[in-house]
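K.L.:
just need the structure, nothing else, for what follows:
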Amino acid sequence: MNLLDLDPQGLERHFAARGEKPFRARQVSRWLHQHLAGDVASMTDLAKSLRASLAAHDSIEGPTVLRDTTASDGTRKWLFDVGDGNAVEAVFIPEDDRGTLCVSSQAGCAMDCRFCSTGAQGFNRNLGVAEIVGQLWHANRALLSDTPPAPGSPGGVAEPRPASAWPWVEAGRAPVTNVVMMGMGEPLANLDRVIPALRLFLDDHAYGLSRRRVTVSTSGLVPQMDRLAAECPVALAVSLHAPDDALRDHLVPINRKHPLAELLAACRRYLEVAPRDFVTFEYVMLDGVNDAPAQADALVALVRELPCKFNLIPFNPFRGTGFRVSPRERIVAFQRRLMDAGLVTTIRRTRGDDIDAACGQLAGRVKNRVIRPLATRSFAVRP
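P.N.:
Below you'll find the predicted structure:
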């Protein structure tokens, strides 16, 4: 058994089957996720007999790193091997007051959103709990080791800032203070593994993050939104990207199954148990597609009765895309139109684009098992 694969309840059951008391599970969890132990031998407050048993029958198998690159702005990206020729990416974004890790949940993605590099690759499989949690486990270990890529390596920076110099680390907090499930894949399409991973992110004997500091993003899987609300509500972000069903049907194909009225109703239900009193709507700005003043007005009308904020995301190009990023002045004008209507609206600062770590650029390596007709990817934009 890979111990990273067990959520708090699973770890308790694992130790109960050995005849051990529940507190042993909590001890081991603290060693794994707070002390970031890479082997059982370092768990010095466990009885020698228990350590010997764990070493004989269990393992701590973190992800294998294929590539580790750091952007000029300090953003750091890892490429993790998940077997059978597949690899996924995770991205760490340091800010003055926090460190955010963008975590992947699938090898590829079956949602086929038109503006996303991951979706263009297709889909292979869901990640397991250890593969999801292992991204956070490894990121904290790597950042605390103060050994980022050597200067001159691909994406390396000449003078990397050591983790120990970050204010929140000096204050005794781990390098990663926030987790966003916004990497490769649709998290809600893998809830059987994502929910146990979330429980580890939140558990006081594991990473101890607050529900407000863990965000799950979805393209709009409505039944799964209700399940997440019932089992493990955290902050919610919804990839909206269009003010009407006709456009969203093309940009975000899941809209054909769960149209906007159904999606917004699910958002209202989610807010009844959410740790925040608003939903974040992500809106990628595509030149000549969804950035017109009339479309901003349509958004205002669409969400008028729903507590929300908007995060406008400048489109980050990738190879083979037919889209362009909206001009900066049009993005600012779009923001102003939403704010004038009373909607809190931010423009996401692009981070890590020089190492393809920006929003929508994560690609990793995926052996696609999904065959789609090529015609579905064409789209004529307005002049």
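K.L.:
show me which helix or strand of the chain is least confident by mean pLDDT.
P.N.:
Lowest by mean pLDDT, DSSP states H and E among the helices and strands of the chain is helix 167-170, with a mean of 63.
K.L.:
can you name the next helix or strand after it?
P.N.:
As assigned by DSSP states H and E, the chain's next helix or strand after helix 167-170 is strand 178-181.
K.L.:
could you list the paired strands of that next one along with their orientation?
P.N.:
strand 99-102 (parallel), strand 214-218 (parallel) (DSSP bridges).
K.L.:
quick one: buried residues of the next helix or strand after it?
P.N.:
Using DSSP H and E, the helix or strand that follows strand 178-181 in sequence is helix 191-202. With burial defined by 16 or more other CB atoms under 10 Å, the residues of helix 191-202 counted as buried are 191, 193-202. In this view, the C-beta of every residue, glycine as well, is placed from N, C-alpha and C.
K.L.:
quick check, nearest of those residues to D81?
P.N.:
Looking at the buried residues of helix 191-202 and their distance to D81, the nearest is R193, at 17.7 Å (CB to CB).
K.L.:
which residues does the residue nearest to that closest one when sequence neighbours are not counted contact?
P.N.:
Counting by CB to CB, 6 or more residues apart in numbering, V129 is the residue found nearest to R193 once chain neighbours are left out, at 5.0 Å. Neighbour list for V129: 4-7, 193, 196-197, 200 [criterion: CB atoms under 8 Å, 6 or more residues apart in numbering].
K.L.:
can you show me the strands along the stretch 1-150 of the chain?
P.N.:
All strands of the stretch 1-150 of the chain, identified by DSSP state E, counting those that start in this stretch, fall at 64-70, 76-81, 87-94, 99-102, 106-108, 123-126.
K.L.:
output the fourth one in CSV with nothing but the alpha carbons.
P.N.:
Extracted as CSV, the C-alpha positions of strand 99-102 are listed here (Å, rounded to 0.1, in the frame of the first residue of the first chain):
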residue,chain,number,x,y,z
GLY,A,99,2.2,30.3,-2.4
THR,A,100,-0.4,28.7,-4.7
LEU,A,101,-0.1,25.3,-6.3
CYS,A,102,-2.1,24.4,-9.4
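K.L.:
buried residues, it. List them.
P.N.:
Buried-residue list, strand 99-102, by 16+ other CB under 10 Å: 99-102.
K.L.:
count the neighbours of Q121 for me.
P.N.:
Neighbours of Q121 under the rule other CB atoms under 10 Å: 20.
K.L.:
wait, it sits on N368?
P.N.:
Yes: counting by CB atoms under 8 Å, Q121 touches N368, with 6.1 Å between them.
K.L.:
which residues do the two both contact?
P.N.:
G108.
K.L.:
what number of residues lie near E272?
P.N.:
8.
K.L.:
excluding chain neighbours, what is closest to it?
P.N.:
Using CB to CB, 6+ apart, the nearest residue to E272 is A229, at 7.5 Å.
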